[in-house]
Structures are given as structure tokens and as C-alpha cells.
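S.K.: Task: produce atomic coordinates for the following.
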Amino acid sequence: MKLVNIIEQGKEQAAILDNDSILLIEDINTKYLTNWSTTIWDLIQYKELRHLETWYDHNKFGMNSSFPLMHLQGRKTAPIISNPSKLLGIGFNYAASEEKLKDYDRAIDPVSFLKPATTIIGPDDSIRIPKQSYKTTAEAELAVVIGETCKDIEPDEAINVIAGYTSAIDVTAADIHAANHAT
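M.R.: Next up, the predicted model:
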């Protein structure tokens, strides 16, 4: 099941994405008299995703005939989660960094960093680059959405706290970052 957040009637709303069509959770609630949350963040927070996914698995083949699906094209999309409690990045997680980190044990102490929630923008929003930056970089990333508070979990338990995955672009003012590195 794929979810998307759109701006509909001036507010952020979660929808199921089916090819290039969407079905608002709000419309599912109306038709089936369900009471699922209508934002992705609330679906995660109130632990409703698994129930919605089960519903979808049982009803997806009848969606086209029983629901008025809307086209995604031309609609304003929003970030999957607009205001998370934190954004944690893991650095040097690609093959090109291997030589730089050959004497560093990332399993014990991964290179990590925090970004403020204000850095999140939607798919059609502009990236604002600081005026003083002359070298800004962008890297495609896999974003893992953690759906539960967790600490010190075993690797085989991690899948139990993952709510989903999405794509992200990590934009960095590389020159400013390099000038302010820790010594």
C-alpha cells in the first residue's frame, strides 16, 4: 500500500495511491463508516497503518468500481510527514566513503546528524539555498519512517518499529558545513 499526502480543501489529507489515482482516507471513512485518521502522521501515531493496510488488501480490487478515484496529477502534494519530532541522518553510508572511513567502525559509532523539521518541504516546493553558500550539494536518500518510540532495539526487531519508507533529498551547504566542522 502506498500513501500520499495531498492538500485538499485547504488541509493536508492522507490518500491511498493506486497507480496515478488516489483515494482519500476521508472518503473511505464516509463510505465504510470507519474512523481512521486522515493524516499520515496520525495514522502512524495512533497505530492505524496496519489496520488500514489489511482493509486495503481485502478491498483494493473493488476500489475502482466502488469509489470515485481522483487523479493525482494536478493536485498539490505535501510531505509524507510535515512535522516529525526529529530527523536523524546517517552519514558516510555509501561506497565512495569506504576509503575515507577504512579505520572507522560505523557499526559501533555511526556518523549521524540531526536536521530540524523546518527543512522538510513538499515535492513541488522550492529549495531555499543560503545566500552565503557557493557550494550546495544534494544527495538522494532512502528515508525510513520510524513509527514508534524505540531505543536499544535488536536489528531483527527494527522492522517492527518501521512505519514505512519514502524518498528524500539531503541538501547541504557543503562550504558552510566544511567551515564549521568539529575538531
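
S.K.: Return the residues in contact with the residue nearest to Ile22 when sequence neighbours are not counted.
M.R.: In this structure, Ile22 finds its nearest non-sequential neighbour in Ala15, 4.0 Å apart by C-beta to C-beta, 6 or more residues apart in numbering. All C-beta atoms are positioned from the backbone trio N, CA, C, and that covers glycine. Neighbour list for Ala15: 3-6, 22-25, 70 [criterion: C-beta atoms under 8 Å, 6 or more residues apart in numbering].

S.K.: which phi and psi does Ala15 have?
M.R.: Backbone torsions for Ala15, taken as degrees, to the nearest 10, come to phi -140, psi 150.

S.K.: Show me what secondary structure element comes after the helix or strand of the chain with the lowest mean pLDDT.
M.R.: One helix or strand of the chain scores below all others by mean pLDDT, DSSP states H and E: helix 63-66, with a mean of 65. Once the chain leaves helix 63-66, the next helix or strand it forms, by DSSP states H and E, is strand 70-71.

S.K.: Quick check: Asp103 vs Tyr46, distance?
M.R.: From Asp103 over to Tyr46 the distance is 45 Å, taken as C-beta to C-beta, to the nearest Å.

S.K.: Counting neighbours, go ahead and name the busier of those two.
M.R.: Tyr46 (11 against 5; other C-beta atoms under 10 Å).

S.K.: so who does the more buried one touch?
M.R.: Taking C-beta under 8 Å, 6+ apart, one finds Ser37 in contact with Tyr46.

S.K.: Can you show me the CA trace of the longest helix anywhere in the chain as PDB?
M.R.: Counting residues, the longest helix in the chain under DSSP state H turns out to be helix 49-59. Output in PDB follows, covering the C-alpha atoms of helix 49-59 (Å, rounded to 0.1, in the frame of the first residue of the first chain):
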ATOM      1  CA  LEU A  49      -1.500   1.800   9.500                       C
ATOM      2  CA  ARG A  50      -1.600  -2.000   9.800                       C
ATOM      3  CA  HIS A  51      -5.400  -2.000  10.100                       C
ATOM      4  CA  LEU A  52      -5.700   0.300   7.000                       C
ATOM      5  CA  GLU A  53      -3.300  -2.000   5.100                       C
ATOM      6  CA  THR A  54      -5.400  -5.000   6.000                       C
ATOM      7  CA  TRP A  55      -8.500  -3.200   4.800                       C
ATOM      8  CA  TYR A  56      -6.800  -2.200   1.600                       C
ATOM      9  CA  ASP A  57      -5.600  -5.800   0.900                       C
ATOM     10  CA  HIS A  58      -9.200  -7.000   1.200                       C
ATOM     11  CA  ASN A  59     -10.700  -4.200  -0.800                       C
END
